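Asker: Please find the sequence and the predicted model below.
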Amino acid sequence: MARPSTISRRGLMLVLSSPSGAGKTTISRAILEGDPRITMSISATTRAKRPGETDGVDYIFVDDARFAEMVEAGDFIEHAVVFGNRYGTPRAPVEAALAAGRDVLFDVDWQGEQQLAEAARDDLVSVFILPPSTEELERRLRARAQDSDEVVARRMARAADEMSHWPEYDYVIVNDVFDDSVASVRAILRAERLRRTRQLGLADFVSRLSRPR
């Protein structure tokens with residue numbers, strides 16, 4: 001008899017969104033490091049490469065002309081402009097992963113989440129991450145030491161608008177204690193993997209259980 005672990009499953013798209021500095025990128029890294037069944041969606045972007053980033057690993061770095069070509073060809077499942085730079089998720093690798101039963105993690109803003117929902121709502125699981133306070137959000141932004149005071153001010157001004165979209169998400173987590181937040185995302189992922197509609201091989205498995213001996 002087949003073991004339950006052999007039931008084929010369609011992958012899911014796990015979206016983590018938050019205002020800049022609330023912790024979605026750090027939480028994403030923890031999820032990826034602790035779970036081999038999920039992979040990060042690598043976005044294409046027109047922004048400049050930052051120190052320590054690798055093309056094709058952190059992002060796919062392209063110029064404006066190439067990005068426009070990809071949009072025109074329908075190569076993106078979602079794309080948006082964030083702080084003057086363009087970001088987009090290539091469609092083909094995501095669809096291949098889902099069909100193979102692998103989950104895909106997305107670090108996108110609310111615009112990206114809406115486009116993903118329009119394109120593949122049944123595959124989507126969305127989580128919005130809130131900071132414990134605006135003061136803590138600003139402290140985290142400044143602690144990164146990546147942005148000028150002007151950029152920090154812009155990110156703080158944008159945060160209120162971004163946080164207003166929390167009702168559009170399936171789950172909301174307040175990232176006060178990091179380990180607790182990671183545990184919450186892992187619990188969501190475990191539960192969503194067990195949804196009946198995602199377990200494509202479940203009918204065959206139950207049919208085998210029901211056969212007379």
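Answerer: Received, thanks.

Asker: Would you indicate which residues of whatever helix or strand Gly88 lives in are buried?
Answerer: For Gly88, the host element (DSSP states H and E) is strand 85-90. For strand 85-90, the neighbour count (16 or more other CB atoms under 10 Å) marks 86-90 as buried. Glycine gets a C-beta too; all of them are placed from N, C-alpha and C.

Asker: Looking at the residues you listed, which is nearest Met70?
Answerer: Taking CB to CB as the measure, Met70 sits nearest to Gly88 out of those, at 6.6 Å.

Asker: and that closest one, what does it touch?
Answerer: For Gly88, the residues meeting the contact criterion (CB atoms under 8 Å, 6 or more residues apart in numbering) are 43-45, 67, 70-71, 75-76, 78-80.

Asker: go with 6 Å
Answerer: Going by CB atoms under 6 Å, 6 or more residues apart in numbering, Gly88 touches 44, 76, 79.

Asker: Out of those, which sit inside strands?
Answerer: Using DSSP state E to define strands, the subset of these located there is 44, 76, 79.

Asker: how close does the first one get to Ala191?
Answerer: According to CB to CB, to the nearest Å, Ala44 stands 31 Å off from Ala191.

Asker: quick one, which of these two is more surrounded?
Answerer: Regarding Ala44 and Ala191, a neighbour count based on other CB atoms under 10 Å identifies Ala44 as having more, with 20 against 11.

Asker: Please name the bridge partners of the more buried one.
Answerer: Following DSSP bridges, Ala44 is listed with bridge partners Ile60, Gly88.

Asker: center of the chain - which residue?
Answerer: Nearest to the mean C-alpha position of the chain, counting by CA atoms, centre = their mean, stands Phe106 at 1.9 Å.

Asker: quick one: pLDDT of Gln111?
Answerer: The pLDDT attached to Gln111 in the predicted structure is 88.

Asker: A helix includes it, no?
Answerer: Yes: per DSSP: H, G, I helix; E, B strand; the rest coil, Gln111 lies within a helix segment.

Asker: List the residues that contact it.
Answerer: Under the criterion of CB under 6 Å, 6+ apart, the contact list for Gln111 reads Ala80.

Asker: How about Val104?
Answerer: 13, 39, 41, 94, 97.

Asker: repeat for Arg198
Answerer: When contacts are counted by CB under 6 Å, 6+ apart, Arg198 is found next to 9-10.

Asker: which residues are in contact with the helix or strand just after the strand holding Gly88?
Answerer: Going down the chain from strand 85-90, the next helix or strand is helix 91-99, by DSSP H and E. Outside helix 91-99, the residues within contact range by CB under 6 Å, 6+ apart are 10-11, 75, 77, 104, 123.
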